[in-house]
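Quick one, fold the following:
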Amino acid sequence: RDGRTPAKRYAPDDVTPADLRDATLVVWQAPLPEGEMAGALRRFADEGGRVIFFPPNKAATARFAGLGWGEKQTSGDAGFAVGRWDEDQGPLANTDEGLLLPLAKLGVRQRQQVVGQAAVLAAFDDGQALLVRQSLGQGEVYFCATLPLLAWSEMGDGLVVVPMLQRLLATGSRRLQRDSVAECGQIGAGDLQLEWTSIETGQRGDVQTQAGVYQSGDRWLVVNRPAAEDEFERVGDEAVSGLFGTLSFQLFQAQRDDTALQGEIWRMFLFLMLLALLIEAWLIRPGPIPTAAPPKPQPAAA
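Numbering: from 1, shown residues only. So this is what the prediction gives:
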């Protein structure tokens, strides 16, 4: 659930797909779901929700998202030590202050093997997984190999399981966001089930292939063109010829160096023309106007 609503607890036989409508995180500690409930949880994850499974305490052949539970294992006095985990991202990453979660000091007495291929976020010293992640649509599915119970591990003290679940809650809350941004071809399965109306045309649009702003009830969806469409790559002459096959075509190639040279020559001629105009104006300038000498005085007659 979101951070303002208390979590609800259900018995495995009592939970229904309708109970997932406003959920953001599902913590499942029971045999893996099958049938209708398995499909509902898969759609929940496709829409951006988070699901984490804890051991049911017995092996089974059921699978969810390609993962399942193997045999339960009990350690000796030393316990199972956690050898490595992802400190940079995921629910076990370091805090914002750079502090490590105390996984290295986590004592694990019992664990149940996770069966299937998935990204390992934490593992024991012997290589077996403690926490794995499987992406599913816009959401993620996690399997944790031990329980936060004293008989199983020290995870119940809250130093590991609480921040882990809080982070899953935060990322799962995107499922309920009313405003979403996506790229063409990357629309989640949950959004594809809705009928989207284009704000520009007022008609139903294809959000998978047409960029734009869409509305479905009180939800908004902004669909952008993939950034890769704006990344142009140079194609060699041989590759271009292969695209046309047996068709006749003519290939033109620009000469960048000659174009730059022509630009420089044009500037030089413009400068020479301006210089010639200045010289011509200087040569044809009018000369000084001569001034007449004053008449000499004549002697008076006797």
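
burial measure for residue 243, as a count.
Neighbourhood size, residue 243 [other CB atoms under 10 Å]: 9. Quick note: C-beta positions are derived from backbone N, CA and C, even for glycine.

what helix or strand does it sit in?
Taking DSSP states H and E as the definition, residue 243 sits inside helix 237-244.

Spit out the contact partners of residue 210.
The contact partners of residue 210, by CB atoms under 8 Å, 6 or more residues apart in numbering, come to 184, 198, 223.

ok, now with 10 Å
Contacts for residue 210 (CB atoms under 10 Å, 6 or more residues apart in numbering) come out as 184, 196, 198, 200, 201, 223, 225.

Helix, strand or coil: sort out residue 151 for me.
Here residue 151 is coil, with the state taken from DSSP: H, G, I helix; E, B strand; the rest coil.

for this protein, where's the lowest mean pLDDT among helices and strands?
Using mean pLDDT, DSSP states H and E, the weakest-scoring helix or strand in the chain turns out to be helix 189-192, at a mean of 63.

which helices and strands sit right next to the next helix or strand after that one?
In the C-terminal direction, the helix or strand that comes right after helix 189-192 (DSSP H and E) is strand 197-198. Here strand 197-198 touches strand 212-216, going by 3 or more CB pairs under 10 Å, 6 or more residues apart in numbering; DSSP states H and E.

what packs against the strand it packs on?
In terms of contacts (3+ CB pairs under 10 Å, 6+ apart), strand 212-216 is packed against strand 197-198, strand 219-224.

looking at those, which is buried most?
Mean neighbour count, computed with mean count of other CB atoms under 10 Å, is highest for strand 219-224 among the helices and strands packed on strand 212-216, reaching a mean of 18.

Check which helices and strands that strand is in contact with.
strand 179-183, helix 189-192, strand 212-216.

For it, which strands pair with it and how are they oriented?
With DSSP bridges as the test, strand 219-224 is paired with strand 179-183 (parallel), strand 212-216 (antiparallel).

Render the CA-only coordinates of the first one in PDB, please.
Once non-C-alpha atoms are left out, strand 179-183 reads as follows in PDB (Å, rounded to 0.1, in the frame of the first residue of the first chain):
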ATOM      1  CA  ASP A 179       0.400  11.300 -14.800                       C
ATOM      2  CA  SER A 180       2.700   9.100 -16.800                       C
ATOM      3  CA  VAL A 181       5.500   9.600 -19.300                       C
ATOM      4  CA  ALA A 182       6.600   6.900 -21.700                       C
ATOM      5  CA  GLU A 183       8.100   6.400 -25.200                       C
END
